[in-house]
Each structure stands twice: as C-alpha cells, then as structure tokens.
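**Student:** Pasting the sequence and the predicted model now:
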Amino acid sequence: MQIGLTGALRSAADGASEIEIEADTIRELMQELIKRYPKMADHMDEGIAVAIDGQIFRDEWSQKIPPGAEVFLMPRLQGG
Amino acid sequence: MAHDPKFTNQQFKVVGTRVNRPDGVDKVTGRAKYGADASAPGQLVGLFLRSPHAHARIKKIDTSKAEKLKGVKAVITAADLPDLTGNRGNLDILENCMARDRALYDGHAVAAVAAVDKATAKQALKLIKVTYELLPHVTDVDEAMHPEAPVVQPHIFTVGVDPKPTKPSNIAKVSEFGHGDVEAGFREADVIIEKSYKTEQTHQGYIEPHACLANVNPDGTADLWVTTQGHYTFRTVCSTLLGLDMAKLKVTSSEIGGGFGGKTHVWIEPIALALSRKAGRPVKCVMSREEVFKASGPTCSTSMDIKIGAKKDGTITAATAALRYQDGAFSASWGMMGAMTAFACYDLKNCKSVGYDVLCNRPKVAAYRAPSAPMAAFGVESTMDLVAEAIGMAPIDLRLKNAAKEGTRASYGPTYGPIGIIPTLEAAKAHPHMKAKLGKNQGRGMACGFWFNFGGQTCTDINIGTDGTVSLALGTVDVGGARASMSLIAAEELGIPYDQVKATVADTATLGHNDTTEGSRGTFSSGMATIFAARDAIEELKARAAKMWDIPVEAVVWEEGHAKAIGDEHSNLPPLSLKEIAARSPRTGGPIAGHNEVVADGAGVSFASHICDVEVDPETGSTRVLRYTVIQDAGKAIHPDYVEGQFQGGAAQGIGWALNEEYIYGEDGRLQNAGFLDYRIPVCSDLPFIDTQILEIPNPNHPYGIRGVGETSIVPPLAAIGNAVSNAAGVRMVHTPMSPPRILAALEAQDELEAAE
C-alpha cells in the first residue's frame, strides 16, 4: 500500500513523499519502516503518529490497517 | 472486555444537563487545596538561584558558604544531578531544570537550596558564588536564523534537510507539508496577496504558580504533591531523571489553578525531589511570579510569510506559508505544528507550508492551548481578509467557498472524515452579531480556527458502595470540569442520579498510567474509559441480580438503573435497583466494580469561527473589544456550562494575546516585564460578555460523539481581532500584540505613505 509521509519524516526516507509498504497493522508498518529507513529511528524515539483513513493513531500499534486504506505518517504532536 | 468506541446516537437523560460542579463550593470558600497548600512535618523551603545572563558559561559554582549557613539543609547544583537519562530529550529536560555547563537564558536555574525557612534560604542564595563567562546571545527568531548568529546549542544540526548539515545551527528542524503544485496554482490566480506577520511571545498566565511538596524517604519511596496537568507523566519524568523506582514515587495532583499547556512539563519538581533526597526532609517549592515568567514555558514568538492566490470567484488556487517559530533554548516541534495547522481549515488543491523550529536564548517553550495554531491562523486568516477585499467578496463568503469538508485532503496530509467548519461558518453568517450596526472608529472581524484534538492512554475505576453510591476514580487531571462531566457520564450509563456519583482524581499509586491531560483529550478519553468501566460494572450488577434471583444472567437486562428479568417465566420478579443490588453485594460475591484501560485514539478534529467588534481610539491607539461571539463544534457537549466556559476562556486569552501581552527583552537579553503589572493580561473590565454557540457534529469515533473543546477557542482570536482592528483603524495590522504604540505607529506610517503619494 502507499504510505504518505509528511514533515521531517520525508527527509528520513530519502526525500520521498510516498513509499510502498505492505503491512496489516501499525506494528508491522513500523517494523518495515525502520528496517528500510534506519534514519527513522530518531523520529520513532520522538514518536510517530499514523493517520488511517483520516483517523489519527498515536499509541495503538496493534491497530489493523484495512486494505486500500489511506495511510499517512506524521510526527507525534503535543497539545496544551 | 472489548468495547466498541463507535458513535451510536444514544439518547441521553443526564448528559447535556447543567448540574452543579462538585468542586465549586471548595473553590469559592478557599477550602480547595492547590499546589502550595500542602504541608508536612519538618518541611523545608526550597528556593532557586537563577542566571541573570541570557547566555553564559558557568566556570565555577562555590556553594561552600551557603552550605555552612545555619538552617541550610541541602544545596543542589548540576553536579548533584548526573545524567541518568540515556537520551537527549530527557537530558534537555534535566538541563532546563538545572543548568549544566552553560546558562541558556535569563532565569535559567543554576543552583537550589533547602533551608528551614524562607529567610534562611534567601540568605543562602546570596552566599552562592557563581563565576560566569558571558557569551553572545540571541533572542529574536529572525536574527537567530542568520548564519552568523550565536549558536544556542552546538549539538543541534538542522533536521529535515538533506544532506545533513556539517555545522550546528539554531534552526533545529525544517518541516514541510502540503500537496499539489503551488507554482502552477499561483499562475491560475487572478489575485495574489503576500504578506509578512510577527507575533510576540506570550505566557499562559495561569494564576496559580508552579508549586510542589516533595518528600524522598531513606528507603527510596517518595511522594510528590504537585500542581500539574499530568501526574503520571511527572512520575515517569522525575523517576527517569533522578533514578527513582517508578512504583515507589507516588505523585498526587492538587487542584489546578490553570495550566493551558504550561503544566504539561516539569520545571521545579525534579529539583524539589533532589533537594528532599539530599536533605532527608520534605521540601516545598513555590515559584514567584517573576520565576513563572522567566523560567517556566511560555509560547513561541513567530515571524511568518503568507501568500494566497485566488480567482475572482473566490476559489483559492494556491497557498504557501513560511513559519518561523522561536522555541526557546531547547529543540521542539512548534514550528512544525504551525505548518500543519496553517491551512487546515481549507480545501486547497495546491498548498505548501514550511515550519522552522528555531532556538534562541529564551526560556524553553511549552504548549499553550492549541500550541502553534493561533499564530499561523493570525497570518493566514489576516491574508484571507486581504484576498476577500481584493476580489470584492465578503470575508465569510470567501471562507465558505473554500472551507474543508468531509473528503477534503487536509493540508497536513490525511483526508477528513465528518467535520464541522462549514456549520460554524453558516452559523456565524446567520448570527445577529454579523448584522449589527457599527459606529465611528469601530470595526468587525472574523476568523476560523482548527485544532487536532488527541486521545491517548487512559484508565478509570468505578467502585459501587453498599449504599449504592458510586466512586469514580479518574486519571486525567480536572483542568476543565472532568469530575462533573465524568460523573454525568457514569450516571447516564448506570441510570442513576448525578448526585449519586462522586468523582476523584486518583494518585499514581491508585490507577494505571494516564497520559497528560493535554490536546483537549480529557473528556474524550476519560469519557470513553468511564463509559466502558460503567458498562463493565453493569455486567457485574446483572450477574449479581441473577444470583439474587437465582436465574441465568442471560435473562437479565439493565434498564434505567435497574436489573430487569426478561422472559415469561420471570415476569413476576420486580426490577432490582442499583442500590438494592449493592446492598446485597457482600453476600453475592463481594465488592462491585468496573474498570477500563484504553488507548483512546480517534479524537475528532475541531473547528471554530469567531466574530469580533472593536473600537479603536485613533488618538491613543487604544482598542476596546465591544462584542465577541464564539461558534464551535463540540461533537457532544457533556456539561454545556463547562463547554461554554472553555469557549469563553480561550477567547479571553486570545484577546489578551492579540492586544496587550508580550515578552519584552532588552538588548542585554534580559526579560524586562516579568510581572503582571508590566505584562498585562485582560481583566473582567477589559472584556465584553463573550457569547457562545455550541454546535454538535458527532465524532464517529466516540460512543457519545465527543470531540475535544478546550483548545480550538484560542485559535481564531488573534486573527479575528486583527481583522476587526484593521477594519476599525483603516490600516492592516501585521504584528501582535496590537498594543496602542503599535497601532499608533501603523497609523502614522500610513499617514506618511499617503502624504508621500
């Protein structure tokens, strides 16, 4: 599936705004991401959020990714 | 038990009513205990010595005389705080709490003492001799980006650019968002408006200063009583910084006298614990207001360039933003968040926003209510008004024409589900405020705002007493009505009166981890956990009723606070109330409880539209806000009073930010106005009654449709007031605060320009 990248995550993926990764869950997605782009390690330490069909998941890595879903990776955000 | 978080359009009996707040009497009678209100036998007073310099190398700290002073029980410097953290982020937190080799801003702590009383502690601070070597400093965001600027953190190399830089820089991070082809979009435009803006640094202005009582025992157990938005996070951070066992550190959150993001970070608390550990006695630390301004976490100052192109019919063809955010002395992501939120209100084919996170010799920036969004909205929403003016369209119609909707690809990446910006704009357009007549020197402005809203890790307990009253233990701090709202939800689910529920905020030894109450997550997350915990308790209540009746549990349903037996064979059994079942609980299996832990993801994004009328005195430059209206989507308002209070509070803070508040630094890099006399927040006499309108567009990812409401209300005010002041004064204001000197300067500059023409 196509994974959209935003912000500083793009530079960690060699400048790509979209990458192709097959994964059934957020955990599988993260494992493949770090394997393919070791520079993502720093961002993972700070936290990466995953938007699946517009819904943002910050912590639940067992979340399933439905086939054909729109997936975006975003830096983890802070609120007030 | 697995629970489904999806919205079900449940009909409510208790939720949505305006019940009395449970903490009200305590707060108005002075009984409520805040951060500074705890005490312990033998407690010491902890005070901090802070750098008077914006940037200086600490060559030597001599504490010997202070340590010898009678009554001094402990003195702490960075030498007492070895780096146990293992990562740079936590080391930054430790270094901000206590300077290591360099003082990085005016007010940075360099030492702390614990003594038997305040006078002795003050005298001890005077006896500490610090030898500084002054270093060049920078406090302005644009100057800090200059290649020749003094480097604040030599280990920072700009992240987000390729290739990785070979020299350290104050630009900690560059973050780009957007989609489409903005250059092609601008070529399609009939009108292009490009403008630069600045916003000055402001503080959340919570009335209660940071305060705590720390006690570390010889066996390694410890207690921390503290005003905080996240006592579980404080436990994690403090135990990490100090090498304490997490389970042995019990953190209790006091009543909180305002936080707005500023109490999501630790400032004095790890040092209070370190002092207590060294002294072997409890230590109480309370920041002065000067310390709160200088050494807690205000928001960013910013500088930005906004460019928007549109066709004559109002269709925006392209939009770009360069957003430079001053993060203080430590790396953060506030510029990135400004770039994510800048164009989030609109359905744009081509957009690009670039956020720059920039270090300066100022205090570490903390979250402030929808952090980063108000400044970006000031730039974008001001430019939207200029575009509307250029094409001869009403500002609200330009926004309606381009507003985001379900299916819109957000400027920060994902596609929106059901959202409520168009309903807020339509409500604004139909509002009587929009049609009210204006007088001389008066102007009206409006603006939109967006905030993400978050969920996160949450844990809740329900315990039912044998008299049928219900104890509800929450892990999210009550920053905006959690105890009342969660009691309403528990009462709704259990089918009992609100007064039968007593909610408390549990300490860290009582419940599992709860993420900090930030990101407008309290009602969304704890609401979800409370619903699920109540449903767990109902299952147990049904099982106990089945035992009392000696029938299968499958034959029991829960309706209106009662167990009811279903099926013809049980038709003679009268319903059992919660109280009746609770009274028999000792002999049907013991205590009845419900529990839930959840990662509450799926918090729906939130939008607001604000309308503002002002009058500007052209002789003095003074602005008076005449009328203000907030219209916001709440998903579902659990307790409408609190929701309206959040709307009004955000607007009030935004009015202060827009018109008066700013950190003023001297050439020497020292803060000039660290007090409420010279840093003026709005008081009641500065404000009109702030009118509110709650819209309820359900969040599909919450059983009740709840969206967060606490932060979005501070996003539009800077721009709404900026547009109103600009319309009243007849000159475009591009710099907040729009204080009298700045308005007079803008008027004079315009007069000179017109004279020259």
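**Tutor:** Here it is on my side, so go on.
**Student:** for the stretch 101-250 of chain B, what spans make up the helices?
**Tutor:** B:118-127, B:141-144, B:182-188, B:231-242 (DSSP state H, counting those that start in this stretch).
**Student:** which of those helices sits most buried?
**Tutor:** helix B:231-242 (a mean of 23; mean count of other CB atoms under 10 Å in any protein chain shown). Backbone N, C-alpha and C define where each C-beta goes, glycine included.
**Student:** ok, and what's touching it?
**Tutor:** B:81, B:84-85, B:90, B:93-94, B:97, B:224, B:226, B:228, B:244-246, B:249-253, B:264, B:266, B:269-270, B:273-274, B:277, B:475, B:477, B:507-508, B:513-516 (CB atoms under 8 Å, 6 or more residues apart in numbering or on different chains).
**Student:** Any of those residues buried? List them.
**Tutor:** B:81, B:85, B:90, B:93-94, B:97, B:224, B:226, B:228, B:244, B:249-253, B:264, B:266, B:269-270, B:273-274, B:277, B:475, B:477, B:507-508, B:513-516 (16 or more other CB atoms under 10 Å in any protein chain shown).
**Student:** Count the residues that sit near the closest residue to residue B:394 other than its chain neighbours.
**Tutor:** The shortest distance from residue B:394 to any non-neighbouring residue, by CB to CB, 6 or more residues apart in numbering or on different chains, is to residue B:388 (6.7 Å). For residue B:388, the count of nearby residues is 22 (other CB atoms under 10 Å in any protein chain shown).
**Student:** measure residue B:388 to chain A for me?
**Tutor:** Relative to chain A, residue B:388 is positioned 29 Å away (CB to the nearest CB, to the nearest Å).
**Student:** and residue 50, how many residues sit next to it?
**Tutor:** In the absence of a named chain, this looks at chain A. 23.
**Student:** I was thinking of chain B, sorry if that wasn't clear
**Tutor:** There are 21 residues near residue B:50, going by other CB under 10 Å.
**Student:** cool, and residue A:63?
**Tutor:** Neighbour number of residue A:63 under other CB under 10 Å is 17.
**Student:** Check residue B:466 too.
**Tutor:** 13.
**Student:** cool, residue B:173 as well?
**Tutor:** 25.
**Student:** ok, and the closest non-adjacent residue to it?
**Tutor:** Per CB to CB, 6+ apart, closest to residue B:173 is residue B:357, 4.2 Å.
**Student:** now do residue B:526
**Tutor:** Spatial nearest neighbour of residue B:526, excluding adjacent residues (CB to CB, 6+ apart): residue B:476 at 4.5 Å.
**Student:** Correct me if wrong: that neighbour contacts residue B:525.
**Tutor:** Yes - the pair residue B:476 / residue B:525 is scored as a contact, 6.5 Å apart, by CB atoms under 8 Å.
**Student:** shared neighbours of the two, anything?
**Tutor:** Joint contacts of residue B:476 and residue B:525 (CB under 8 Å, 6+ apart) are residue B:458.
**Student:** ok, back up a step: give me the subset of the contacts of helix B:231-242 that also touch chain A.
**Tutor:** Counting by CB under 8 Å from any CB of the partner chain, residue B:264 from the contacts of helix B:231-242 sit close to chain A.
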